[in-house]
Each structure stands twice: as C-alpha cells, then as structure tokens.
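Enquirer: have a look at this prediction, sequence included:
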Amino acid sequence: MPFHFRFGPADLLRCRFSISPRWETQEAVRVLLRPQRQAYHLPWLRQIRAAAAGLDLRPLWLLMPLAGHNPDFLSPPPTGPSVTFEEELARVRSTDPGAAREDLRRSLVCTPGALESEAGQLMLADPARAVGELADLYERAWRVLVAPHWPRLRALLEADILFHSRRLAAGGLEALFDGLHPDLRWSGNTLTIARRGHHDRSLDGQGLLLMPSAFVWPEVVGGYDPPWQPTLVYPARGIGALWTAPAGPAPEALARLLGRARADILCALADPASTTALAHRLSLAPSTVSAHLKALRGAGLLIASRHGHQILYERTPLAIALATGPAGS
C-alpha cells in the first residue's frame, strides 16, 4: 500500500531542505546491518571495519525493523538547514521517558522476538536509562563511523541540495519530486511513495522537510508521526563516486595559467563544495584554500551561494571551459 503526503496551500510555501549528521549516523549503522545497502559503500566499509568491530550496535539494530516503526525520538527532524551532531544529540537526550517508552515499544513489536528479549524488556522497564544509553551509543558510532568522513559526506549532501533547490526554483514541486527518486509520484496536492506500508499524512501547514542522505540508498523514507515535522529522506546524487579517490593534479597547462594550487582547486570543483570540504579533499589548510577561492572568485571563475552556515563554491562557465577544455585536457 502507498504512503501519502497531502499538501495544503500553506505547505507549498513551507518545503525546505536540511542536512542531519545524526540521521547519517543512524543510517550508517543500518548499512552495517543491511547488506542490500552496502553496494556503494564498500571502500568505506573497509576503512571502518576494525573500528566498528569495537562497537556493540545490537541495541540500535533491535530498533531497526525490516518494516514498521523506527523510534522518532532517536532521530528528530533537524530544526534548521544545518545543525551539528551535538545539537541533535542534545535533543535526543532531552526526550521525555514516557514518550520514549511508547516509541520504543512501537518499534520493538515490529521485529519478531524483540519485545520479549532481555534487551527490549530492559529498555521498557527504564526508558530514561535507555534514552541515555542509546544516545551514548550513537555518539560513539558518530565518532567511529561518520565523523572522520563528515567533510566528504557533507560536501555531497550540500551539492545535492544546491542542485535540487535550483530544480525547485525552475520547475516547482512537480519537477523537484520527479527527480528525487523513482518511487515518488506527485499528483494534484499529494506526494505518493510507492511500495511502503499504508500511511496517509496531512501536512497541516508544516510543509515538508527534505533531507538528502548518503546512506539511505536504495530507499526513500517518509515518515514521522504527529507532532513531528513531516520529513522525506532520499538518496543523495553522486553517491556512486562518493568514496572514489580524489582526482589527480590539474593538467600542467592549466597549472601554468593559474598556479598549481588554484588549478587543483578548480578541477576539484566538479560539484559545488565548501572551503572545509575542499581543504579535506586536497589536504590543504582551510586558510590557504579560502585565499585561493577568493582569488578565483575575483577572477570570475567561481560563484558562491550560502546554505545555512556554509558557503558553497562552484565553477562559472568560463571555469568549466578552462578545466575541461583544451587547457584542461
């Protein structure tokens, strides 16, 4: 049965994008549990294998049913376009124990044997302790699985948002949803997700929060029961190249024209990226990258756009011609 989001006039004006490091941590944990999600992430899995072996993720996996309810309080929708993991985790830790207990119970019943298990019974007997222990475990998972790779992941997610924001501006919601995922259908005032358990949710003026994710592929996830913000999580563009090695140095002709560092930065901007992401990608100091970006922008080779607290840089048509034309070949 399909999953429906029903829009009213106010909802059409209140759709927005966000990035959640907390969500990426949850889905990274789920990738370790679900082999069908691992195809694009084999290089990452090899890198984190030894460190992940020191994490006991079974309490989290117990709350990740193949189908059914996942506890909303463990991954609250972000309140702004760009939030830190620490801010999100603080919201998890502040969860009311009574609400957490019901949320945990609804999830445990979706996995055969989970509700009756010793771990499940301990969660329900002391939900305040369960909230703290689950938050602690997610914090450890963040540090081991995601934080070392966050600049690369964030660059991917930010580039996706920039692309789809322009698609939304050019063609409206119909064009946006048509390009997010093949399971999405927009008709009239309703967004439908195919191949999910039946759900019918009126947005009631809250709009829809859209979150790209590196780890949710191949699924698209819609959910959060009232009073949570209605949210749609979809696979980010470009995950096929997420873990590939950085491109080699810029061609000599372009390096002679611009200087080696600036040429390398220009070639690294095949997709929009922030100063931090470029510094991580090129193993340069952020201050150095910032200075070169300023020079390239002043020369008309880059444009900048703000997303939350981040500024993303992308190449102008002239820069694209330089990086991919005769000088870049």
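Expert: Structure's in. What do you need?
Enquirer: quick one: contacts for Thr324?
Expert: Thr324 is in contact with no residue at all, counting by Cβ atoms under 8 Å, 6 or more residues apart in numbering. For every residue, glycine as well, the C-beta is placed using N, CA and C.
Enquirer: where's the residue lying farthest from the centre of the chain, which helix or strand?
Expert: Distance from the centre of the chain peaks at Arg256, with 37.7 Å (Cα atoms, centre = their mean). Element membership of Arg256, judged by DSSP states H and E, is helix 252-258.
Enquirer: pLDDT on that helix, on average?
Expert: For helix 252-258, the mean per-residue pLDDT is 88.
Enquirer: stretch 21-37 now?
Expert: Stretch 21-37 comes out at a mean pLDDT of 95.
Enquirer: also stretch 310-318?
Expert: 84.
Enquirer: buried sites along the helix holding Arg256?
Expert: Buried residues in helix 252-258, counted by 16 or more other Cβ atoms under 10 Å: Leu254, Ala255, Leu258.
Enquirer: can I get those residues in CSV with distance to Leu322?
Expert: Output for the buried residues of helix 252-258, formatted as CSV (distance: Cβ to Cβ, whole Å):
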residue, distance to Leu322
Leu254, 6
Ala255, 11
Leu258, 8
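Enquirer: now, which of those sits nearest Thr275?
Expert: Taking Cβ to Cβ as the measure, Thr275 lies nearest Leu258 of those, at 17.7 Å.
Enquirer: which non-adjacent residue is nearest that closest one?
Expert: Leaving aside its sequence neighbours, Leu258 sits nearest to Leu266 (Cβ to Cβ, 6 or more residues apart in numbering; 6.7 Å).
Enquirer: cool, Phe73 as well?
Expert: Of all residues not flanking Phe73 in the chain, Thr95 sits nearest, at 4.4 Å (Cβ to Cβ, 6+ apart).
Enquirer: distance of that neighbour from Leu122?
Expert: Separation of Thr95 from Leu122 (Cβ to Cβ, to the nearest Å) stands at 17 Å.
Enquirer: in space, what's closest to the residue nearest the centre of the chain - neighbours in sequence excluded?
Expert: The centroid of the chain falls nearest to Ser213 when counting by Cα atoms, centre = their mean (3.0 Å). Closest residue to Ser213 apart from its sequence neighbours, by Cβ to Cβ, 6+ apart: Val233 at 5.2 Å.
Enquirer: and the helix or strand containing that neighbour, how far from the chain's centre?
Expert: Using DSSP H and E, Val233 sits in strand 231-235. Offset of strand 231-235 from its chain centre (Cα atoms, centre = their mean, to the nearest Å): 8 Å.
Enquirer: parallel or antiparallel, which strands does that strand pair with?
Expert: Strand pairing for strand 231-235, determined by DSSP bridges: strand 209-213 (parallel), strand 221-223 (antiparallel).
Enquirer: verify the stated contact: Leu89 with Arg22.
Expert: Yes. Leu89 lies in contact with Arg22 (Cβ atoms under 8 Å); the separation is 6.5 Å.
Enquirer: which one of these two is surrounded by more residues?
Expert: Neighbours per residue (other Cβ atoms under 10 Å) separate Leu89 from Arg22, with Arg22 holding more: 25 against 18.
Enquirer: sweet, I'm off.
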